[in-house]
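# Structure for this input, please:
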Amino acid sequence: MKKFLSLGIFVVLLLGWACTEEEDENSFVVTEQILHASGDQIRVLGRVISNSQIQVSDHGFYFSLDPSFSSPIVVSLGPKEGPGRFTGLAEGLEIHQLYYVKSFMELNGEILEGNVMEVNTLNSFIESISPLYGEGGDEIIISGGNFAADTRVFFGTQEAQIIDITLESQITLTVPALKDEPSVSIKLVTQGEEQVFYENFEYQIGTYELVTTFPEAIRLYDNVFYQNNSGLYIGLGSRRRIESYYGFQKYDIGSDQWQKVSFPGNARSYSFFTDHYIGGGTAERGNNPTNIDKTFWKIDGDNFTRLADLPFESLESKAFEIGEDLYVLGTKMEEDASFRKYDASTGSWTSLPAPPDNFNAENAVFSYGGFGYVIGKDFNLWRFNPASISWDAIATYPGSLGQGYGMAQVVGDKVYIGLYRRSNQMWELDMETLTWKSKNLMPGYPQSILVGNFEKDGLLYIMRVPDISLVTDYPMDMYVFDPNGF
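Below you'll find the model as predicted:
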C-alpha cells in the first residue's frame with residue numbers, strides 16, 4: 001500500500017512540474033512592511049516574487065514627500081538573483097514628516113514598481129541625562145530616541161562636543177567648559193527644531209582663596225579648634241607630635257589679625273571639643289598613653305571655666321551638641337563602642353546605648369535640626385534621634401573617607417563634608433533633599449590633615465597641615481571656601 005502511495009505522489013509532482021514549465025513567467029515586486037521609522041531614518045521590507053529564477057539588474061525603494069513621487073529619494077540595492085525578500089534603509093530624511101514609500105525592481109530593462117505605503121518620521125525626544133552634575137570635560141549620556149545625525153547639543157549657549165550617537169537612542173558627549181552660569185539648560189537641536197530638557201545641568205563649583213597663615217612657623221597636630229563671636233581659635237595639640245603646644249591663637253576675620261590666648265589647663269592632644277566644651281586627651285606621646293587628662297572645661301569667649309572631671313577616660317572621642325546637651329562618642333581607651341550625654345543643667349553624665357558602630361574622632365560629625373549625624377566607616381550617614389535614643393541610616397556618603405578624621409560643617413540647610421586625611425574632596429549635602437554634590441577640590445597637598453574648620457556669613461574657613469611624613473617645612477595656610485563661587 002505504501003509503495004502505491006509513494007508512486008502516486010511522484011506522479012502528481014511530475015505532472016505539476018510539467019504544467020509549471022508550460023506557464024508564462026510571472027514576476028512582480030511588493031512593499032511588504034515598514035520595519036522601523038525614527039527621526040531621520042526609515043527601514044523597509046520588500047519582496048521579489050516570481051515563478052522562475054529571474055535575474056534582477058537593480059532593486060530597492062523610492063521615498064517621497066508627495067504621493068506622485070515626482071522627486072523621490074532612491075535607495076538602490078543593486079542586482080539581485082532570484083526571488084526573495086530584501087530590506088532598504090533611507091537616512092538623512094526630514095523629521096516629523098509623512099513619507100510615501102514603494103519598492104521597485106528593474107527586470108529585462110523594465111522598471112516594475114510595488115504598492116505604496118505611508119510612514120511618518122518622528123520627533124527626537126529626551127528620556128534622561130546622566131549625570132546632571134559635573135564639570136567641563138566630563139562625559140555624560142543623553143538617553144531618548146530618534147536622534148538624527150545632525151543633532152547638536154547646547155549647555156546654555158555653549159555647544160557640546162558629541163562623541164557618538166548610538167542606535168539613534170543614546171548620545172555620548174563632552175560637557176563644555178563653565179562659562180557664565182553654574183546652572184544651565186540642556187538644549188537639543190535637530191534640523192532646526194529645539195527641545196529643552198526639564199532639568200538643568202549644574203557645574204561643579206566652589207572657590208578657595210588663601211586668606212591668612214598661622215602666625216607661628218610650626219606644624220600643629222591633634223589639636224583643638226572652635227569659634228565664637230570673638231573669632232576663630234586653633235590651639236593645644238602638639239608641634240610635629242614632639243612637644244605640646246600651649247594655649248590658642250585666635251584669628252579675627254574682620255581685622256585679619258591673630259592674637260595669643262592662654263589656656264589655664266594642661267597641654268593636651270586628642271581631646272574632644274565643641275564650640276563650648278573641651279575635655280579629655282593626653283599630653284603623652286606614643287600610641288598607648290596611660291595618663292589621660294580627665295579635666296573638663298567650659299568655653300566662654302577667651303575664658304575657660306573648669307567643670308567637674310570626666311567620669312571616664314577620653315582619648316580621641318568625638319563630640320557634638322544638640323540644644324544645651326553635649327554628646328560624646330567613643331574613646332580609644334575602651335575597645336567597645338560608647339556613647340555619653342552631658343546635661344549642662346545638672347552637670348551630670350549619662351551612658352547611652354551603644355551606637356551602630358564604634359564612632360570616635362575618626363568620624364565626621366555634625367548636628368542639624370535637633371538631630372546628631374555621623375558619617376560611618378561604612379559610608380552610611382547615621383542620624384541620632386535624642387528623643388527616642390535611636391539611630392537610623394538615611395543616606396550614603398559618595399566620597400572618599402581617606403584615612404579618616406574628616407570635617408563636617410553646617411551652612412544653613414547645607415553641610416560640607418570631606419577633607420579626610422589624604423583626600424582633597426569636598427561634598428555638599430542638601431539636608432532638605434539628602435542629595436549630594438561634589439565641590440571643587442581643595443588646593444594643596446592631598447596628604448594633609450585638618451587643623452580647623454569654621455563658618456562665617458555662609459563661607460567656610462579651613463586650615464590644613466601636610467602629613468607629618470612630609471618633612472619639609474610648610475606653612476599652615478587658611479583658605480576661605482565659597483561653596484557658590486566659580
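
# Compute the distance between the residue lying closest to Asp252 once chain neighbours are set aside and Val415, please.
Among residues not flanking Asp252 along the chain, Gly231 sits closest, at 4.6 Å (CB to CB, 6 or more residues apart in numbering). (Each C-beta comes from the backbone N, C-alpha and C, glycine too.) Counting by CB to CB, to the nearest Å, the separation of Gly231 from Val415 is 23 Å.

# any idea how far stretch 462-480 is from the chain center?
29 Å (CA atoms, centre = their mean, to the nearest Å).

# Kindly export it (C-alpha atoms) in PDB.
What follows is stretch 462-480 as a C-alpha-only set of coordinates in PDB (Å, rounded to 0.1, in the frame of the first residue of the first chain):
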ATOM      1  CA  ILE A 462      39.600  75.900  56.600                       C
ATOM      2  CA  MET A 463      43.200  75.200  57.700                       C
ATOM      3  CA  ARG A 464      45.100  72.000  57.000                       C
ATOM      4  CA  VAL A 465      48.700  70.900  57.600                       C
ATOM      5  CA  PRO A 466      50.700  68.400  55.500                       C
ATOM      6  CA  ASP A 467      51.000  65.000  56.900                       C
ATOM      7  CA  ILE A 468      53.800  64.600  59.400                       C
ATOM      8  CA  SER A 469      55.600  62.200  56.900                       C
ATOM      9  CA  LEU A 470      56.300  65.200  54.700                       C
ATOM     10  CA  VAL A 471      59.500  66.500  56.300                       C
ATOM     11  CA  THR A 472      59.900  69.900  54.500                       C
ATOM     12  CA  ASP A 473      58.700  73.000  56.300                       C
ATOM     13  CA  TYR A 474      55.200  74.000  55.200                       C
ATOM     14  CA  PRO A 475      53.200  77.000  56.400                       C
ATOM     15  CA  MET A 476      49.800  76.300  58.000                       C
ATOM     16  CA  ASP A 477      47.600  78.200  55.500                       C
ATOM     17  CA  MET A 478      43.900  79.100  56.000                       C
ATOM     18  CA  TYR A 479      41.600  79.200  53.000                       C
ATOM     19  CA  VAL A 480      38.200  80.700  52.700                       C
END
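
# what about the nearest residue to Pro443 once chain neighbours are set aside, distance to Met426?
Nearest non-adjacent residue to Pro443, counting by CB to CB, 6+ apart: Tyr208, 5.5 Å away. Tyr208 is 9 Å from Met426, where distance means CB to CB.

# One more: Ser185?
Distance from Ser185 to Met426, by CB to CB: 26 Å.

# So for these two, which residue has more residues nearby?
Applying other CB atoms under 10 Å to Ser185 and Met426 shows that Met426 carries more neighbours, namely 26 against 15.

# sorry, back to before: shared neighbours, Tyr208 and Met426?
Residues touching both Tyr208 and Met426 comprise Asn440, Met442, Phe481, with contact defined as CB atoms under 8 Å, 6 or more residues apart in numbering.

# Now do the SS call for the last one.
Same thing as Phe481. Put simply, Phe481 is strand when judged by DSSP: H, G, I helix; E, B strand; the rest coil.

# beta partners for Ile73?
Applying DSSP bridges to Ile73 yields these beta-bridge partners: Phe63.

# Strands of the stretch 301-450 of the chain, start to end?
Using DSSP state E, counting those that start in this stretch, the strands of the stretch 301-450 of the chain run over 303-307, 318-322, 325-329, 339-343, 348-351, 365-368, 371-375, 380-385, 390-396, 407-411, 414-418, 426-430, 435-439, 448-456.

# Quick one: closest of those to Ile49.
When these are compared by CB to CB, strand 435-439 sits nearest Ile49, at 60.9 Å.

# helix or strand for Asp164, which one?
Using DSSP states H and E, Asp164 sits within strand 161-166.

# From the contact counts, what lies against the next helix or strand along the chain from that strand?
Per DSSP H and E, the first helix or strand lying C-terminal to strand 161-166 is strand 170-174. With contacts defined as 3 or more CB pairs under 8 Å, 6 or more residues apart in numbering; DSSP states H and E, strand 170-174 has these neighbours: strand 139-145, strand 161-166.

# Can I get strand 170-174 in CSV? Just the C-alpha atoms.
Only the C-alpha atoms of strand 170-174 are listed here, as CSV (Å, rounded to 0.1, in the frame of the first residue of the first chain):
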residue,chain,number,x,y,z
GLN,A,170,22.0,57.5,23.1
ILE,A,171,24.2,60.5,22.7
THR,A,172,27.6,60.5,24.4
LEU,A,173,29.1,63.9,24.7
THR,A,174,31.7,66.0,26.4
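
# Counting neighbours, which bits of stretch 128-140 end up buried?
By 16 or more other CB atoms under 10 Å, the buried positions in stretch 128-140 come out as Ile129, Tyr133, Gly134, Ile140.

# residues in contact with it?
Under CB under 8 Å, 6+ apart, the answer for stretch 128-140 is 141-144, 163, 172-178, 186, 197, 199-204, 437-438, 440.

# and if we set it to 6 Å?
Stretch 128-140 is touched from outside by 141-143, 174-175, 177-178, 197, 199, 201-204, 437, with contacts defined as CB atoms under 6 Å, 6 or more residues apart in numbering.

# Now find how far off-centre that stretch is within its chain.
Distance, centroid of stretch 128-140 to centroid of chain: 9 Å (CA atoms, centre = their mean).

# quick one, strands of the stretch 1-150 of the chain?
27-37, 42-50, 55-56, 58-64, 73-76, 80-81, 84-90, 98-107, 110-120, 125-130, 133-134, 139-145.

# mean confidence for the fifth one?
Pointing back at strand 73-76 there. If you average the pLDDT over strand 73-76, you get 98.

# Now do the closest residue to Thr213 other than its chain neighbours against Gly402, distance only.
Residue nearest to Thr213 in three dimensions, not counting chain neighbours: Pro475, with 4.8 Å by CB to CB, 6+ apart. Noted for Pro475: a distance of 22 Å to Gly402, by CB to CB.

# Mind checking which of the two has more residues around it?
Applying other CB under 10 Å to Pro475 and Gly402 shows that Gly402 carries more neighbours, namely 19 against 14.

# I'd assumed Arg422 was in contact with that one.
Yes: under the criterion of CB atoms under 6 Å, Gly402 makes contact with Arg422 at 4.5 Å.

# that older thread, please, a PyMOL command that selects the buried ones among the shared contacts of Tyr208 and Met426?
Buried members of the shared contacts of Tyr208 and Met426, defined by 16+ other CB under 10 Å, are picked up in PyMOL with:
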select buried, resi 440+442+481
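
# Just put the shared contacts of Tyr208 and Met426 in CSV and tack on pLDDT and distance to Phe339.
Below are these laid out as CSV (pLDDT from 0 to 100; distance: CB to CB, whole Å):
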residue, pLDDT, distance to Phe339
Asn440, 96, 35
Met442, 96, 31
Phe481, 98, 31
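
# That concludes my questions; thank you for your assistance.
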